[in-house]
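*Asks:* Kindly return the folded structure for what I paste below:
(one chain, ligands or ions: 2)
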Amino acid sequence: MIKIYAPASIGNVSVGFDVLGAAVSPIDGALLGDCVSIQSADSFSLSNKGRFVSKLPTEPKENIVYQCWELFCQRLGRELPVAMVLEKNMPIGSGLGSSACSVVAGLMALNEFCDRPFNQTELLGMMGELEGRISGSVHYDNVAPCYLGGMQLMLEENGIISQSVPGFDNWYWVMAYPGIKVSTAEARAILPAQYLRQDCIRHGRYLAGFIHACHTQQPELAAKLMQDVIAEPYRTRLLPGFAEARKASQDIGALACGISGSGPTLFAVSDRLETAQRLADWLTKHYVQNDEGFVHVCRLDTAGARKLD
Ligand SMILES: Nc1ncnc2c1ncn2[C@@H]1O[C@H](COP(=O)(O)OP(=O)(O)O)[C@@H](O)[C@H]1O
Ligand SMILES: N[C@@H](CCOP(=O)(O)O)C(=O)O
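*Replies:* Ligands and ions are numbered 1, 2, ... in the order given. Predicted coordinates:
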């Protein structure tokens, strides 16, 4: 039996709408991600378990892991008789790349089971295609970091889909999921079709500056440039309490704060564990809305999707 774990991810990281993403894992060792196990069988089956199993689509063929199997078999040219199990540990519509976790774990499990008939780029291409079916357009900023780990910049040129960007080893990423759902497709639909020239220029400056600051390891500059002119101004209204939480995070001393993916998860960054813990405490008290919500102090997950023993 092969079991694959695929970690949560932050789409956009504020500054790179659809082209920048980061994988994260809690520092306390908790597994914040989905798992898929696979073993040979007489015929195909998919069963589901895990904390958020009840939120999966009721029609089995709508489960994205079923669609992973279907697409993988299509590309392979034969039907694989395997028993797959999805552990749905990630809340759906959370902004933590929940569908990406399932897609990455599902496709990687199938590829490992078959002794890797597809290379990394081919598999990542399939992951993007499946993610696109869910959100309405192909974007790799969740699947790429979830699969490859760390912070990933989408290039989509010269046969390259994504390359890694060096992060800051001492940054803590506090992830606060309030427990409510925001559909990625809907949060994309409310964005403007066109932007002002001045916003395009600011966006270019922030993104280019951030990537430059990462490569030259200037953490303060990088944090200052983590600004979102593309999505956050329009999505804030979908996120109850986000503006207050952002202000409080700044007051507590966060280096940066933003929407994770399309929300409602908020992320806040600090280079001090004590500040990260204070942010986590405030967000737990004031941003989490119900029993399904949670807050985790994380680091970048540089390993990405991996086999578990
Ligand atoms: N295994 C799966 N994990 C998560 N979502 C799934 C899965 N299979 C199908 N879906 C559907 O995909 C959509 C995911 O919604 P989305 O807002 O993109 O969530 P997220 O941003 O958390 O990935 C939902 O409609 C959900 O029912
Ligand atoms: N770039 C996408 C990221 C969506 O992430 P998710 O975790 O909310 O699915 C977007 O901002 O729409």
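*Asks:* Run through the residues that contact A243.
*Replies:* Contacts of A243 were listed using CB atoms under 8 Å, 6 or more residues apart in numbering, and they are T236. Glycine gets a C-beta too; all of them are placed from N, C-alpha and C.
*Asks:* what pLDDT does it get?
*Replies:* At A243, the pLDDT value in this model is 96.
*Asks:* What residues sit buried inside the helix or strand hosting it?
*Replies:* Assigned by DSSP states H and E, A243 belongs to helix 242-252. By neighbour count, with 16 or more other CB atoms under 10 Å as the criterion, the buried positions of helix 242-252 are 242, 245-246, 248-249, 252.
*Asks:* okay, those residues in a markdown table with distance to ligand 2 next?
*Replies:* Shown next, in a markdown table, are the buried residues of helix 242-252 (distance: CB to the nearest ligand atom, whole Å):
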| residue | distance to ligand 2 |
| --- | --- |
| F242 | 14 |
| A245 | 17 |
| R246 | 17 |
| A248 | 22 |
| S249 | 19 |
| I252 | 24 |
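*Asks:* could those go into a markdown table alongside distance to T236?
*Replies:* Listed next are these as a markdown table, based on distance: CB to CB, whole Å:
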| residue | distance to T236 |
| --- | --- |
| F242 | 5 |
| A245 | 11 |
| R246 | 8 |
| A248 | 15 |
| S249 | 14 |
| I252 | 19 |
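*Asks:* Would you point out the most distant pair within the residues you listed?
*Replies:* Pairwise distances across the buried residues of helix 242-252 (CB to CB) peak at 15.4 Å, for the pair F242 and I252.
*Asks:* ok so, going back, C-terminal to the helix holding A243, what's the next element?
*Replies:* Criterion used, DSSP H and E; the element after helix 242-252 is strand 256-259.
*Asks:* and that next one, which strands flank it?
*Replies:* strand 266-270 (antiparallel) (DSSP bridges).
*Asks:* Check whether the partner strand comes close enough to ligand 2 to count as a contact.
*Replies:* No: judged by CB under 6 Å from any ligand atom, strand 266-270 makes no contact with ligand 2; its nearest approach is 11.3 Å.
*Asks:* Ligand 2 contacts on the stretch 51-200 of the chain?
*Replies:* 95-97, 139, 141-142, 184, 187-188.
*Asks:* quick one: which two of the residues you listed are the most distant?
*Replies:* Largest separation among those by CB to CB: L96 and R188, giving 16.4 Å.
*Asks:* Nearest spatial neighbour of A185, chain-adjacent residues omitted?
*Replies:* Spatial nearest neighbour of A185, excluding adjacent residues (CB to CB, 6 or more residues apart in numbering): G136 at 4.6 Å.
*Asks:* host element of H203?
*Replies:* H203 belongs to helix 197-215, assigned by DSSP H and E.
*Asks:* Check which helices and strands that helix sits against.
*Replies:* For helix 197-215, the elements it packs on are strand 160-165, helix 219-224, judged by 3 or more CB pairs under 8 Å, 6 or more residues apart in numbering; DSSP states H and E.
*Asks:* For these, give me TSV that also has mean pLDDT, mean neighbour count and distance to G150.
*Replies:* Output for the helices and strands packed on helix 197-215, formatted as TSV (pLDDT from 0 to 100; neighbours: other CB atoms under 10 Å; distance: least, CB to CB, whole Å):
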stretch	mean pLDDT	mean neighbour count	distance to G150
strand 160-165	98	17	5
helix 219-224	98	16	14
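*Asks:* so can I have JSON lines of the ones you listed showing distance to C68?
*Replies:* As requested, the helices and strands packed on helix 197-215 are exported to JSON lines (distance: least, CB to CB, whole Å):
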{"stretch": "strand 160-165", "distance to C68": "17"}
{"stretch": "helix 219-224", "distance to C68": "35"}
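*Asks:* before we move on, the earlier item: which per-residue confidence value corresponds to the residue nearest to A185?
*Replies:* 80.
*Asks:* okay, now it: neighbour count?
*Replies:* 13 (other CB atoms under 10 Å).
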